[in-house]
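Colleague: Can you look at this prediction? I've put the sequence above it.
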Amino acid sequence: MGLIQALPDDQARAEGTFTAEHEAFWALAKQQLGEIDGTKALVRILLLHRHQQHGDVIVGLRAALRLGTCSEDVVALEARKAAQADGRAPTVTAAPATPDRPEPADPQLPQVSHLTAHRLARPLPEDARPLPRLEQWDELFQLRRKDPS
């Protein structure tokens, strides 16, 4: 199965996560950029959903379609503006991981560490080192070039 058939399956359409706006953007992108690059543009839009709320991305898609552009920058910017206009943070942030009770691991399989969850669960200790001294750099900035004549 190719990428084009695998992207928006019937389940995503039925759940409403792949909307008519996504379809229209994809059609515009394929028209302007060609099949492969248009599909890549759609994938970049789908990746926006990792960092922005679904409704905000839809607002961004509508704005891009009104402008007749398939720029993911336009979609992302308009999505951020929609969130800020609604008084929300423009990006979705990761919640601290709650360690679940792991299922018994198969001893024959290699164990995988999820670093993001590990870092969120155990923050780094405070850095007690002194700040670097920059006096030498300040001296360099004050030096004048010698006149070549």
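Modeller: It's in. Residues are numbered from 1 along each chain as shown.
Colleague: I'd like the distance between residue 31 and residue 47.
Modeller: As judged by Cβ to Cβ, to the nearest Å, residue 31 and residue 47 stand 21 Å apart. C-betas here are computed from N, CA, C, even on glycine.
Colleague: neighbours around residue 92, how many?
Modeller: Other residues lying near residue 92 total 15 when counted by other Cβ atoms under 10 Å.
Colleague: Surely it and residue 51 touch.
Modeller: Yes - Residue 92 lies in contact with residue 51 (Cβ atoms under 8 Å); the separation is 5.7 Å.
Colleague: can you pull the buried residues of stretch 66-78?
Modeller: Buried residues in stretch 66-78, counting neighbours by 16 or more other Cβ atoms under 10 Å, are found at 69, 70, 72, 74, 75, 76, 78.
Colleague: Any chance of the residues you listed in a markdown table with secondary structure as columns?
Modeller: Written out in a markdown table, the entries for the buried residues of stretch 66-78 read as follows (DSSP: H, G, I helix; E, B strand; the rest coil):
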| residue | secondary structure |
| --- | --- |
| 69 | coil |
| 70 | coil |
| 72 | helix |
| 74 | helix |
| 75 | helix |
| 76 | helix |
| 78 | helix |
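Colleague: quick one: which of the residues you listed is nearest residue 63?
Modeller: residue 78 (3.9 Å; Cβ to Cβ).
Colleague: residues in contact with the closest one?
Modeller: Listed by Cβ atoms under 8 Å, 6 or more residues apart in numbering, the contact set of residue 78 reads 59, 60, 62, 63, 64.
Colleague: okay, and for this structure, where does confidence drop off?
Modeller: 1-12, 93-120, 124, 143-149 (pLDDT under 70).
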